[in-house]
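>>> Test case, fold it:
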Amino acid sequence: MEPWRPSPRNPMDRIDPNTFRFHFPNLLYASGRKLCYLCFQVETGDYFSCDDSDRGVFRNKVHPWARCHAEQCFLSWFRDQYPYRDEYYNVTWFLSWSPCPTCAEEVVEFLEEYRNLTLSIFTSRLYYFWDPNYQEGLCKLWDAGVQLDIMSCDDFKHCWDNFVDHKGMRFQRRNLLKDYDFLAAELQEILR
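Okay, the predicted model is just below:
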């Protein structure tokens, strides 16, 4: 495989604590944070049980000639891992940035393929929340039945425990919720 092509079949198990602390805080403006991380867990079947093989982390691939957003990496990986469209799936994403309009549209199309899939998206930050196209993308997700919310302290702790290679370091919420109230209110306004 060419080095610039996405390798969606290989999600990371965990991310570094410094990567998490830098890329995940609720910030209104997040200078220098051009990467998007998507932590996911997939629960299958009637009881929605989850094991370690059903979770991981994708990061967007940024190459001038071939880009693949983290959401696109997940969708490609999921189609390969779970080809049965009539089974029940409960999927949860924790994103460092909310989806762009193109990814939102692709997710809506994906949900039309997998009609028995429930998707919840918890995002740390809203990407270009003042742009009507980005707002419309979030509304399309909401209208398609996706649960959308800004990451809370409990969500950050869940990510720390399940997606961060913390090597026993204790979770600290310091600076993670800096602009939480504003972002949560803004998201509610967009979805209204």
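>>> how many neighbours does the closest residue to Ala144 other than its chain neighbours have?
Excluding its sequence neighbours, the residue lying closest to Ala144 (Cβ to Cβ, 6 or more residues apart in numbering) is Val108, at 4.7 Å. For the C-beta atoms, the positions are set from N, CA and C on the backbone; glycine is no exception. A count of neighbours around Val108, defined by other Cβ atoms under 10 Å, yields 16.
>>> Give me the below-cutoff pLDDT ranges for the protein.
For the chain, the stretches with pLDDT under 70 are 1-9, 46-53, 62-66.
>>> quick one: the strands in it?
Applying DSSP state E to the chain gives strands spanning 37-44, 55-59, 89-95, 117-123, 147-150.
>>> These: which one's closest to Phe156?
strand 89-95 (8.5 Å; Cβ to Cβ).
>>> Provide the strand pairings for that closest one, with the direction of each partner.
strand 37-44 (antiparallel), strand 117-123 (parallel) (DSSP bridges).
>>> Taking strand 55-59 as reference, get the angle to that strand.
Counting by axes from the mean of the first three to the mean of the last three Cα atoms, to 10 degrees, strand 89-95 lies at 40 degrees to strand 55-59.
>>> Of all the residues in strand 89-95, which ones are buried?
By neighbour count on 16 or more other Cβ atoms under 10 Å, the buried set for strand 89-95 is 89-95.
>>> What lies in contact with it?
With contact meaning Cβ atoms under 8 Å, 6 or more residues apart in numbering, strand 89-95 is reached by 36-44, 48, 70-71, 74, 78, 82, 114, 116-124, 151, 155, 158-159, 163.
>>> Buried subset of those as a PyMOL selection?
Buried members of those, defined by 16+ other Cβ under 10 Å, are picked up in PyMOL with:
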select buried, resi 36+37+38+39+40+41+42+43+44+70+71+74+78+82+114+117+118+119+121+122+123+124+151+155+158+159+163
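>>> Could you check how far Asp154 is from Tyr88?
Going from Asp154 to Tyr88 by Cβ to Cβ, to the nearest Å gives 25 Å.
>>> thinking again about what came up before, right, so of the strands of the chain, which gets closest to Leu141?
strand 147-150 (6.1 Å).
>>> Now do the closest one: distance to the chain's middle.
Offset of strand 147-150 from its chain centre (Cα atoms, centre = their mean, to the nearest Å): 10 Å.
>>> what about the helices in the chain?
17-23, 70-81, 101-113, 132-143, 153-163, 180-191 (DSSP state H).
>>> relative to strand 89-95, how tilted is the longest one?
Right, the one you point to is helix 101-113. Using the same axes, to 10 degrees: helix 101-113 against strand 89-95 is 170 degrees.
>>> Just the CA trace of helix 101-113, in PDB.
Extracted in PDB, the C-alpha atoms of helix 101-113 (Å, rounded to 0.1, in the frame of the first residue of the first chain):
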ATOM      1  CA  PRO A 101     -20.100  18.800   6.100                       C
ATOM      2  CA  THR A 102     -18.600  16.100   3.700                       C
ATOM      3  CA  CYS A 103     -18.100  13.700   6.600                       C
ATOM      4  CA  ALA A 104     -21.500  14.400   8.000                       C
ATOM      5  CA  GLU A 105     -23.100  13.600   4.600                       C
ATOM      6  CA  GLU A 106     -21.000  10.400   4.400                       C
ATOM      7  CA  VAL A 107     -22.100   9.400   7.900                       C
ATOM      8  CA  VAL A 108     -25.800   9.900   6.900                       C
ATOM      9  CA  GLU A 109     -25.300   7.700   3.900                       C
ATOM     10  CA  PHE A 110     -23.600   5.100   6.000                       C
ATOM     11  CA  LEU A 111     -26.600   5.100   8.400                       C
ATOM     12  CA  GLU A 112     -28.900   4.500   5.500                       C
ATOM     13  CA  GLU A 113     -26.900   1.400   4.700                       C
END
